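Trainee: Below is the structure, and that's it, no one-letter string:
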């Protein structure tokens with residue numbers, strides 16, 4: 001089955017939507033992407049315990065799917081609400097996570113106040129949940145920061161439109177989530193990117209590394225980013241030194257990044273291959289957000305009876 005994000009790249013009527021290829025080739029993309037990476041890191045620093053729920057691929061996909069359930073219910077009250085059983089049904093045909101992992105993820109989000117019960121029920125499998133106001137504020141911040149970065153590419157008005165109508169997030173996020181959930185270019189990234197995003201807090205670490213690359217420089221085989229200590233990462237992202245060491249060892253074996261000399265006292269470099277892979281991988285996300293946002297704009301401007309078509 002062709003995913004929404006794959007189909008939209010070649011749709012003849014999608015002229016106003018930025019494609020993956022157009023984003024990657026945009027001369028301002030490296031600047032917009034570094035800006036986005038810095039904002040994602042800032043969001044982590046402001047709420048590290050909460051942002052960790054999107055800090056690796058498995059958690060990102062689960063969390064975005066959970067949020068999508070909530071917003072689909074908001075925009076269409078007849079849509080079934082979020083329950084543990086519904087989430088399990090969604091991931092049953094994928095390899096995203098096991099049933100136990102999905103249930104544990106829901107429980108953790110409830111524990112940190114990101115999910116709340118809509119009513120009491122004795123059976124946790126059918127207990128209906130919704131995201132909290134805190135969670136909605138965070139996903140809105142995440143979404144709007146990406147719109148700002150997209151606006152940098154073409155002097156667009158996405159962020160101002162989103163600020164003017166809060167419903168746009170409610171419609172756009174489920175469409176974006178569905179698109180990326182089924183898009184292998186996002187959910188199964190290149191090996192260099194995958195080495196980071198399949199590990200706890202790996203996405204944050206990857207964004208951190210990429211934010212150190214100068215967007216003004218032409219790519220070389222190895223891009224020097226100055227000194228770097230592993231201690232910076234396990235302290236900032238609340239992971240063990242052993243975990244951080246293994247992550248960087250694996251990346252070095254792939255020649256994705258490393259130190260000029262043995263030990264951590266020398267300069268650190270990031271390979272052009274990893275940078276290109278990261279930029280393309282992120283462009284898949286930006287394209288999905290752009291398509292979903294423009295679709296959402298059409299939904300909120302149409303009569304109620306025609307909404308959610310297409």
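Mentor: Perfect, I can see it now. Computed from a prediction, not measured in an experiment: that's the story for all the values here. Numbers count the residues shown, from 1 in each chain.
Trainee: helix or strand for the closest residue to residue 157 other than its chain neighbours, which one?
Mentor: Distance criterion CB to CB, 6 or more residues apart in numbering; nearest residue to residue 157, sequence neighbours excluded, is residue 151 at 6.9 Å. In this view, the C-beta of every residue, glycine as well, is placed from N, C-alpha and C. Element membership for residue 151 (DSSP states H and E) is helix 133-154.
Trainee: buried residues in the helix or strand just after that helix?
Mentor: Taking DSSP H and E as the definition, the helix or strand that follows helix 133-154 towards the C-terminus is helix 158-164. Neighbour counts over helix 158-164 (16 or more other CB atoms under 10 Å) mark 158, 159, 161, 162 as buried.
Trainee: Turn these into TSV, columns for pLDDT and distance to residue 87.
Mentor: Shown next, in TSV, are the buried residues of helix 158-164 (pLDDT from 0 to 100; distance: CB to CB, whole Å):
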residue	pLDDT	distance to residue 87
158	97	29
159	97	30
161	97	31
162	97	27
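Trainee: Tabulate those residues (a markdown table), appending distance to residue 29.
Mentor: Converted to a markdown table, the buried residues of helix 158-164 look like this (distance: CB to CB, whole Å):
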| residue | distance to residue 29 |
| --- | --- |
| 158 | 16 |
| 159 | 17 |
| 161 | 21 |
| 162 | 21 |
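Trainee: what's the closest of these to residue 64?
Mentor: Distance ranking of those against residue 64, using CB to CB, places residue 162 first at 17.3 Å.
Trainee: and the closest residue to the closest one other than its chain neighbours, how many neighbours?
Mentor: Counting by CB to CB, 6+ apart, residue 162 lies nearest to residue 168, which is 5.1 Å off, once chain neighbours are set aside. By other CB atoms under 10 Å, 25 other residues sit near residue 168.
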